[in-house]
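Trainee: Below are the sequence and a predicted model for it; my questions follow.
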Amino acid sequence: MDELARWFSALNDARGINLTVAYDRFDRLRFLNGFLVTLQLSAATIATSVALGVAGAWLVQSRSRIVRGLVRGLVEFFRNTPPLVQLYFFYFGLSSLISVAGPSGAPAPAIGNFAWAVLALSLFAGAHNVEIFRAGIEAVQRTTVEAAESLGYGRLSAYRNVILPLALRVCLPALSNNLVNLVKTTSIAYAVAVPEMHYVANQIWSDALNVPEMMLLLLACYLLLVGGLVAGMTRLERALRVPGFGA
Amino acid sequence: MIASANGRPRWAGSLAATGLGLLCSATLAHASAGAGSGAPASTVEVLLRWLPFLLQGFAFNLVISALAMAFGTLLGALLGLGLIGRSRAVRLLSGWTMNLFRNAPRLVILFMCMYLIPFRFRLGGETIVLAGWAKAVLGLSLAVMANVAEIVRGAVQSVPTTQWEAGEAFAFGRRQILWSIILPQCAKRMLPPWMSLYAIITMDTVLVSILGIGEVMTLTGEALSAENRPDLLLPFYGFVLLLFFAYCYPIARWTARLERRYAVVG
């Protein structure tokens, strides 16, 4: 480890390629921390947005017109507005309305920037997921639903045990596309000072003036994250494959 | 992209500004008449006063999105042709380029263009100054390029192989088949995804505000700091959300309609 650090330090002296994260302990810990925050942010938003998608796809076929209209309206709104503006709207707009007394007595926001980022990004990706799951549910054959009904399944239990598992398999490619997009979009949490990878990289290049090196490292880390997610989703797709469906 | 260094082009918002100029001056007169009473102006009044300013910013967003889409489509079409090229080296290189720009966050691409391209450089004895917004357009173009390349490849692959064989039977060359048989059939299939890409890029133009370019989010921030009233945060950001919704939702509906119309029945 020390050997490697010395090599990168020598690289900086000889060639001017300054990868501080490789030889400077403080920068390394900072960047690792940022990477972990991006991982946490991605994991939290993926879980929440998929849950929102499943719930929304159930509500969108509700028998009540009001519920249907409300869910459709919300989905269209969150799909057709920029996630960054949504984040600002939540973090600066709503957050100023719900504040509690902080430890020093001054008003402090009740929900922190990380939680707002998770909420805003989940709503944005969740709205897309509702559409994706809805399309998957529509692809489930009517006869399958009727078969479930004839076996005595209720609406919710048929949805949970028959329709959703089949729909999930149909919409996995579109879902993995959207989740990749979500992981990429987590970088906008930068704007509300969540110390994720992009934010930390910015701090490091401001201190060490090594913009190109940090940029490339940042890009490589995002490609690694996205590559990992795609590999995982492909494995899931293969594991869940139903014989007789698709190619 | 040679551009003046003075931030954003003046003509961008002039159209929107003149349309609302009358409305604005009327509101201003009203607001100044009410200022003597000492009560703070109502939210609607303040919003109306800033409306031309904000719309000018939004018009700049639309200009950025249109330019990025134009350049990106041009580059993407070339890259897409590279993806289906006959040379293995060209295919591999195009594939790598596409994957790099498709999988990197657009904010990171924008930062790279912002920081790694020099502000001005000399080209054949002439000094070229690259304004911030021109770099932003370039960054978004690269993202568009990668997505358009994928759209082109997908559309070309969706045309049955028999079409290629039929072209060959008529003694068409590869280029002739591509231009006069395959690509005309692709145009319809490419239009809906291209339009959704446009909506996505329009929404992504707000990312440029993080880099300090005077588009609608930056201007909203300036208006809010000038007013210095926390109760205005919610309506102002809400208004920006509505602006984007009013522009992007019709595009989404139109795209869905085209998709249904062009759907291959089978």
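Mentor: Structure's in. What do you need?
Trainee: how about the longest helix seen in chain A against chain B, any contact?
Mentor: When chain A is parsed with DSSP state H, its longest helix is helix A:25-59. No: Helix A:25-59 is not in contact with chain B by C-beta under 8 Å from any C-beta of the partner chain; minimum separation 10.2 Å. C-beta coordinates here come from the backbone N, C-alpha and C atoms, glycine included.
Trainee: Now do that helix: which elements does it pack against?
Mentor: Packing partners of helix A:25-59 (3 or more C-beta pairs under 8 Å, 6 or more residues apart in numbering or on different chains; DSSP states H and E): helix A:20-23, helix A:65-79, helix A:113-139, helix A:164-185, helix A:197-208, helix A:211-239.
Trainee: Tell me how many other residues crowd the closest residue to residue A:240 other than its chain neighbours.
Mentor: Closest residue to residue A:240 apart from its sequence neighbours, by C-beta to C-beta, 6 or more residues apart in numbering or on different chains: residue A:169 at 5.2 Å. As a burial measure, residue A:169 scores 19 neighbours (other C-beta atoms under 10 Å in any protein chain shown).
Trainee: re earlier: just send the helices and strands packed on helix A:25-59 back as JSON lines, with mean pLDDT too.
Mentor: Shown next, in JSON lines, are these (pLDDT from 0 to 100):
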{"stretch": "helix A:20-23", "mean pLDDT": "83"}
{"stretch": "helix A:65-79", "mean pLDDT": "94"}
{"stretch": "helix A:113-139", "mean pLDDT": "93"}
{"stretch": "helix A:164-185", "mean pLDDT": "91"}
{"stretch": "helix A:197-208", "mean pLDDT": "92"}
{"stretch": "helix A:211-239", "mean pLDDT": "91"}
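Trainee: Can you say which of those helices is nearest to residue B:207?
Mentor: helix A:164-185 (10.0 Å; C-beta to C-beta).
Trainee: ok so, going back, want to try a markdown table for the helices and strands packed on helix A:25-59, with distance to residue B:147 as columns?
Mentor: A markdown table is the format used below for those (distance: least, C-beta to C-beta, whole Å):
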| stretch | distance to residue B:147 |
| --- | --- |
| helix A:20-23 | 31 |
| helix A:65-79 | 17 |
| helix A:113-139 | 16 |
| helix A:164-185 | 11 |
| helix A:197-208 | 21 |
| helix A:211-239 | 15 |
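Trainee: quick revisit: what separation is there between the residue nearest to residue A:240 and residue A:49?
Mentor: According to C-beta to C-beta, to the nearest Å, residue A:169 stands 19 Å off from residue A:49.
Trainee: circling back: closest to residue B:48 out of the helices and strands packed on helix A:25-59?
Mentor: Taking C-beta to C-beta, helix A:65-79 is the member of the helices and strands packed on helix A:25-59 nearest to residue B:48, at 23.2 Å.
Trainee: so residue B:127 sits in a strand?
Mentor: Yes: assessed by DSSP: H, G, I helix; E, B strand; the rest coil, residue B:127 belongs to a strand.
Trainee: Neighbours of it, how many?
Mentor: 8.
Trainee: Now do the contacts for it.
Mentor: B:120-121 (C-beta atoms under 8 Å, 6 or more residues apart in numbering or on different chains).
Trainee: What about residue B:222, how many residues nearby?
Mentor: Using other C-beta under 10 Å, the number of residues around residue B:222 comes to 15.
Trainee: quick one, what contacts it?
Mentor: No contacts exist for residue B:222 under C-beta under 8 Å, 6+ apart.
Trainee: Where does it sit, in terms of helix or strand?
Mentor: helix B:216-227 (DSSP states H and E).
Trainee: Return the set of buried residues in that helix.
Mentor: For helix B:216-227, the neighbour count (16 or more other C-beta atoms under 10 Å in any protein chain shown) marks B:216-220, B:223-224, B:227 as buried.
Trainee: Residue B:100 contacts residue A:223, doesn't it?
Mentor: Yes: between residue B:100 and residue A:223 there is a contact at 7.5 Å, judged by C-beta atoms under 8 Å.
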